[in-house]
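> Task: produce atomic coordinates for the following.
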Amino acid sequence: MQRLFILFILIFLSFFSFGQNYTSYFSGDTTDVTTITNPFTVLMGGATENDSAMIRFLENSGGGDIVVLRASGSNGYNAYMYSQLGISVNSVQTIVCNNAAASYDPYVVNQIRNAEALWFAGGDQWDYVSYWNNTPIDSAINYLINAKKIPVGGTSAGMAILGHIVNTAQNGSATSATSLANPYASTITLLKDDFIFNPWLNNVVTDTHYDNPDRSGRHVTFMARILQDYSISSVNGIACNEYVAVCIDSTGHATVYGDYPNYQEFAYFLQSNCNSPNSPETCISGQPLTWNRNSQAVKVYKVPGTPSGINSFELSDWDNGSGGTWEDWSVINGSLQTIASTSTPNCNLTTSLPASFIPGTSIVAFPNPVNNYLHIRSEDPFEISIYNLYAELIYNKTNCTINELDVSGLISGYYSVIVKTRKGTSNLSFIKIED
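Okay, the predicted model is just below:
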């Protein structure tokens, strides 16, 4: 009888745990602290974490509370971050989101907002996108990056979601062979302007596990599709080999860590050539990709990752770097070509967050981030509704054509906007910052 009772309890607990929206693993002091943090981004290629990069990540938290977000796995980061790297932090909490409902749990959202550093584990990036996009977790993430300005980073799928443009992997992992043969293959699913906004990753699509020869071709195809589909003038990419980490400081200085020359460990900074035209010659569903442009479609700065992080690249202009070499990449009839480059891009680019733009509706909101006045323009009359982090309606106005909205009284943070026109309903967002 006692055994049956114990068995019943175990079954009950199993069902109870399975039904939970999230699982939390906590190490350290449960009392929340506030520390001085620095904006800092870590992009990691997907294998074992690079200790030097992770130490810098923790140092920029000011010793505060570290939150690890994931949708699978358990507490593997807790001891590593809390006690094994030699950096004193108040706590490390891993939150495993078991389903999309976790994105609306007040405790989960509050723990994220109170973090002094945020790390995204590996896994399946579609879980992250489908669970978190356009939810309070999404808003909390953008609040941390753009208002609270804390260090953020991720590995593998966690790195994949940090670009302004995301390969969502909704239909599985794309391969280079399939992507180059058909740039509109079902496995290529891209999300732009609608998830995580990091100023230094504007118009950037990332890729990971770059040791795998099946990655670079698909990455270039992502960039070709972005130019083709979104009618933007340029697109960039950042990629890491599995054991490589890229650390981006507040000025856009990107330092590359790895174990070169013991191993062939590189980071890659890709950009569409600034010469005009720079779009793909053939990017059509069911046909092989051709993006040649005189064998210089994509300019690539290939940077060895070293233990000391001596090599770097400047995201402030996407032109200057140290310790790396330039290459020209192109695609002819579905075949990727890479050659040593004889010239640098010289595009005179500057990086900043763009205005929010909704393709097909002629609606633009600017600037983003915003201090005092948010300007919204539309060719059609529209209704605008603005919601705060907690999905509370804080502003509504109908029959607008030109709208200069005073947001100076709003607290710093991330706000979502719903705009309704005769063409339909669309979503955008903005970050409110202090002067």
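
> Flag every buried residue along the helix or strand that contains N78.
Here N78 sits within helix 76-79, counting by DSSP states H and E. Using 16 or more other Cβ atoms under 10 Å as the test for burial, helix 76-79 gives Y77, N78. Glycine gets a C-beta too; all of them are placed from N, C-alpha and C.

> The helix or strand following it: how far from the chain's middle?
The element immediately downstream of helix 76-79 (helix or strand, assigned by DSSP H and E) is strand 91-97. In terms of Cα atoms, centre = their mean, to the nearest Å, the centre of strand 91-97 is found 19 Å from the chain centre.

> Strand 91-97 and the helix or strand just after strand 91-97, what's the angle between them?
Sequence-wise, the next helix or strand beyond strand 91-97 is helix 106-113, with elements assigned using DSSP H and E. What separates the directions of helix 106-113 and strand 91-97 is an angle of 130 degrees, with axes from the mean of the first three to the mean of the last three Cα atoms, to 10 degrees.

> which helices and strands sit right next to the helix or strand that helix 106-113 is followed by?
Beyond helix 106-113 in the direction of the C-terminus, DSSP H and E gives the next helix or strand as strand 117-120. Contacts defined by 3 or more Cβ pairs under 8 Å, 6 or more residues apart in numbering; DSSP states H and E place strand 117-120 against helix 51-59, strand 65-70, strand 151-155, helix 157-160.

> Reformat the ones you listed as CSV; add mean pLDDT and distance to G172.
Output for those, formatted as CSV (pLDDT from 0 to 100; distance: least, Cβ to Cβ, whole Å):
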stretch, mean pLDDT, distance to G172
helix 51-59, 98, 29
strand 65-70, 98, 20
strand 151-155, 98, 20
helix 157-160, 98, 13
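
> Could you dump these into a markdown table and include mean neighbour count?
Formatted as a markdown table, the entries for those read as follows, by neighbours: other Cβ atoms under 10 Å:
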| stretch | mean neighbour count |
| --- | --- |
| helix 51-59 | 20 |
| strand 65-70 | 26 |
| strand 151-155 | 27 |
| helix 157-160 | 26 |
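
> Turn those into a markdown table, including distance to Y260.
Converted to a markdown table, those look like this (distance: least, Cβ to Cβ, whole Å):
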| stretch | distance to Y260 |
| --- | --- |
| helix 51-59 | 13 |
| strand 65-70 | 28 |
| strand 151-155 | 19 |
| helix 157-160 | 19 |
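
> So for I196, which of the ones you listed sits nearest?
Among the helices and strands packed on strand 117-120, strand 151-155 comes nearest to I196, with 8.5 Å by Cβ to Cβ.

> who does the closest one pair up with?
strand 40-44 (parallel), strand 117-120 (parallel) (DSSP bridges).

> out of those strands, which comes closest to Q170?
Proximity to Q170, assessed across these by Cβ to Cβ, is greatest for strand 117-120 (17.6 Å).

> what does the closest one contact?
37, 57-58, 60-61, 64-70, 77, 81, 89, 112, 128, 141, 144, 150-155, 157-159, 161-162 (Cβ atoms under 8 Å, 6 or more residues apart in numbering).

> Name the next helix or strand downstream of it, please.
Criterion used, DSSP H and E; the element after strand 117-120 is helix 125-132.

> Was I right to think L428 contacts V417?
Yes: in this structure, L428 sits in contact with V417. The criterion is Cβ atoms under 8 Å, and the distance is 5.0 Å.

> Go ahead and produce PDB holding the CA coordinates of the helix holding N78.
Presented in PDB, the C-alpha positions along helix 76-79 are these (Å, rounded to 0.1, in the frame of the first residue of the first chain):
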ATOM      1  CA  GLY A  76      24.000  24.000 -16.900                       C
ATOM      2  CA  TYR A  77      24.900  27.700 -16.800                       C
ATOM      3  CA  ASN A  78      24.300  28.300 -13.100                       C
ATOM      4  CA  ALA A  79      27.500  26.900 -11.600                       C
END
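
> Give me the contacts around that helix.
When contacts are defined by Cβ under 8 Å, 6+ apart, helix 76-79 is touched by residues Y25, F26, S27, V68, V92, Q93, T94, W119, A121.

> Spatially nearest residue to the second one, not counting backbone neighbours?
Using Cβ to Cβ, 6 or more residues apart in numbering and skipping the chain neighbours, the partner closest in space to F26 is Q93 (4.9 Å).

> separation between that neighbour and N292?
According to Cβ to Cβ, to the nearest Å, Q93 stands 49 Å off from N292.

> Those two: which has the busier surroundings?
Set side by side, Q93 and N292 show unequal neighbour counts under other Cβ atoms under 10 Å, the larger going to Q93 at 23 against 16.
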